[in-house]
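Trainee: sequence-free structure coming up:
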């Protein structure tokens with residue numbers, strides 16, 4: 001996914017080459033940095049109130065994965 005395809009509020013999933021996959025929502029984009037909220041206690045309508053984590057664009061994909069695929 002390229003930086004031009006990412007928008008604030010977009011549901012994405014993080015899928016690195018190794019480690020755990022996670023669903024999240026894009027909180028902000030600053031220059032070429034994408035900040036994603038991954039944990040918000042299920043309060044996705046209020047994701048803006050939670051800390052976003054700087055996430056490598058190369059590991060972000062559009063949409064959420066089903067829970068069973070987040071291992």
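Mentor: Yep, it's here. All of these numbers come straight from a predicted model, not from anything done at the bench.
Trainee: now do the same end-to-end measure for stretch 55-70.
Mentor: 17 Å (C-alpha to C-alpha, to the nearest Å).
Trainee: ok, residues contacting it?
Mentor: Contact partners of stretch 55-70, identified using C-beta atoms under 8 Å, 6 or more residues apart in numbering, comprise 1-3, 5-6, 10-17, 20-24, 32, 34-36. (C-beta placed from N, C-alpha, C; glycine too.)
Trainee: buried subset of the residues you listed, written for PyMOL?
Mentor: Buried residues among these (16 or more other C-beta atoms under 10 Å), as a PyMOL selection:
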select buried, resi 6+10+12+13+14+15+22+23+24+34+35+36
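Trainee: and the strands in the chain?
Mentor: For the chain, the strands defined by DSSP state E cover 11-14, 22-30, 33-37, 53-55, 60-62.
Trainee: output those strands as a markdown table; include the columns distance to residue 69 and mean pLDDT.
Mentor: Below are those laid out as a markdown table (distance: least, C-beta to C-beta, whole Å; pLDDT from 0 to 100):
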| stretch | distance to residue 69 | mean pLDDT |
| --- | --- | --- |
| strand 11-14 | 9 | 97 |
| strand 22-30 | 10 | 96 |
| strand 33-37 | 17 | 96 |
| strand 53-55 | 18 | 96 |
| strand 60-62 | 11 | 96 |
